[in-house]
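J.: model this:
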Amino acid sequence: MSDASPEPQRLEQALSGVSRRTFLKGTAATMAGMAGLVAALKPLLSLEAGHITMDELLQKHYTQLSPEDLDRIMRKLEQQCERDYKVRPTMRDLKPLDGVEFGYALSLTKCIGCRRCAHACMAENNQSREHDKDIDMSYIRVLELDKGSMNLETADLYYSGEVPKNDKFYMPVQCHQCRESPCTKACPVQATWMEPDGVVVVDYNWCIGCRYCMAACPYDARRFNWKKPTLPESAVNPNQNYLTNRIRPQGVVEKCTFCLHRTREGKYPACLEVCPTGARVFGNLLDPDSEINYILRNKRVYILKEESGTIPKFFYFFD
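T.: Predicted coordinates:
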């Protein structure tokens, strides 16, 4: 009788064609019995037809990865991007800065609804799009509202024509990086969490795509990749970071991270840099002399959906 066990080989064969998140979703269903497992796996197997290795299946959560493991994973992601999109990126993992808690403020008086912020966000963060002007996956939704009203139920997301219109005002909405974030509490696998600098991030290799976080977010600030991202070679931003703007796989939820790959190097978010009216203010909430703290002390500040109790770090103000 041979001592060699065929089990690892059988497991590898069984996992062929199944992604890590597909496997985890299906495995979770065993709690409801084998019939539930079969029912859960059937549609998921058709959703994503990748191949899983034992390394990918057993990969640890981002917070548990050694520097050597993370470096190996990032090099593999670089190779994958080059294979799929013909662009070899430079991928890093920038860490939070000491003594920094990022905050964002936006002037509803100055915003003209041009959507340049939304397009810059997509270009910077490698978001899926069929055409350069597609904004459905943008982390920033610019709402057009009637002047004198804050009724988001009547807001128009797909407005057209010249802006600004005389009887309208504009409210860009994105992730509010909430201190009491319902999205992180809703995630059943802790794939999303708040970093020490106050920004909520996602481990895209750990996300199982259940979308509980999307349902929990009161700001509709998360996007789900229903298919492999469509991104022309000319549109790929090669300056990528593991927790931010690397190209996300099919079947995961993604979100704004205040461009951590830029802001942790002392730069501004991409959306702020392109704003033609100076409506956006970004800075360190822990610095009493920062511009954003000046705004919070001296302007009429409005917190969207304050009644939700999320304690956001994204603020609106009026000049």
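J.: which residues of this protein fall in strands?
T.: For the chain, the strands defined by DSSP state E cover 90-92, 102-107, 141-146, 168-173, 192-194, 200-202, 222-224, 239-241, 253-255, 280-284, 300-302, 314-318.
J.: mind listing what Tyr242 touches?
T.: 62, 70, 73-74, 77, 91-93 (CB atoms under 8 Å, 6 or more residues apart in numbering). All C-beta spots, glycine's among them, are computed from the backbone N, C-alpha and C.
J.: pLDDT below threshold where in the stretch 1-150 of the chain?
T.: 1-57, 131-133 (pLDDT under 70).
J.: is it possible to export the strands of the chain to JSON lines including distance to Ile247?
T.: Formatted as JSON lines, the strands of the chain follow (distance: least, CB to CB, whole Å):
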{"stretch": "strand 90-92", "distance to Ile247": "10"}
{"stretch": "strand 102-107", "distance to Ile247": "24"}
{"stretch": "strand 141-146", "distance to Ile247": "21"}
{"stretch": "strand 168-173", "distance to Ile247": "24"}
{"stretch": "strand 192-194", "distance to Ile247": "18"}
{"stretch": "strand 200-202", "distance to Ile247": "14"}
{"stretch": "strand 222-224", "distance to Ile247": "13"}
{"stretch": "strand 239-241", "distance to Ile247": "8"}
{"stretch": "strand 253-255", "distance to Ile247": "10"}
{"stretch": "strand 280-284", "distance to Ile247": "25"}
{"stretch": "strand 300-302", "distance to Ile247": "35"}
{"stretch": "strand 314-318", "distance to Ile247": "25"}
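J.: rewinding a little: pull out the buried residues from the contacts of Tyr242.
T.: Buried by 16 or more other CB atoms under 10 Å: 62, 73-74, 77, 91-93, out of those.
J.: How about Asp319: what's its closest non-neighbour residue?
T.: Thr109 (4.1 Å; CB to CB, 6 or more residues apart in numbering).
J.: OK, contacts around that neighbour?
T.: Counted by CB under 8 Å, 6+ apart, Thr109 has contacts 279, 317-319.
J.: which non-adjacent residue is nearest Lys185?
T.: Closest to Lys185 by CB to CB, 6+ apart is Ala216, at 7.1 Å.
J.: What is the burial count for that neighbour?
T.: When neighbours are counted by other CB atoms under 10 Å, Ala216 registers 16.
J.: ok, Glu124 touching Pro238?
T.: No. Between Glu124 and Pro238 there is no contact under CB atoms under 8 Å: 11.7 Å.
J.: related to what we said a few turns ago, closest one to Thr263 among the strands of the chain?
T.: In terms of CB to CB, the element of the strands of the chain nearest to Thr263 is strand 102-107, at 6.2 Å.
J.: ok, the closest one: who's next to it in the sheet?
T.: Note on strand 102-107: by DSSP bridges, its sheet partners are strand 280-284 (antiparallel), strand 314-318 (parallel).
J.: As a markdown table, these with mean neighbour count would be great.
T.: Output for the strands paired with strand 102-107, formatted as a markdown table (neighbours: other CB atoms under 10 Å):
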| stretch | mean neighbour count |
| --- | --- |
| strand 280-284 | 21 |
| strand 314-318 | 19 |
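J.: With distance to Ala105 as extra columns, can I get these in CSV?
T.: Formatted as CSV, the strands paired with strand 102-107 follow (distance: least, CB to CB, whole Å):
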stretch, distance to Ala105
strand 280-284, 4
strand 314-318, 4
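J.: Those strands: which one's closest to Tyr139?
T.: strand 314-318 (11.8 Å).
J.: Pull the residues that contact that closest one.
T.: 103-109, 171, 174-177, 295-296, 299-304.
J.: re the thing from before, more neighbours: Glu124 and Pro238, which one.
T.: For Glu124 versus Pro238, neighbours defined as other CB under 10 Å are more numerous around Glu124 (21 against 14).
J.: wait, what's in contact with that one?
T.: Glu124 touches 237, 245, 259, 262, 270, counting by CB under 8 Å, 6+ apart.
J.: most surrounded residue in those residues?
T.: Cys259 (27 neighbours).
J.: Asp197 reaches Arg264, doesn't it?
T.: Yes. In this structure, Asp197 is within contact of Arg264 by CB under 8 Å, at 7.4 Å.
J.: which residues are common contacts for those two?
T.: 96-97.
J.: Next up, the contacts around the residue sitting nearest the centre point of the chain.
T.: Nearest to the geometric centre of the chain sits Lys255, at 1.7 Å (CA atoms, centre = their mean). Lys255 is in contact with 139, 175, 192, 200, 202, 221-223, counting by CB under 8 Å, 6+ apart.
J.: before we move on, the earlier item: for Leu58, which of the strands paired with strand 102-107 is the nearest?
T.: So among these, strand 314-318 is nearest, using CB to CB, at 36.8 Å.
J.: Okay then, goodbye and thanks.
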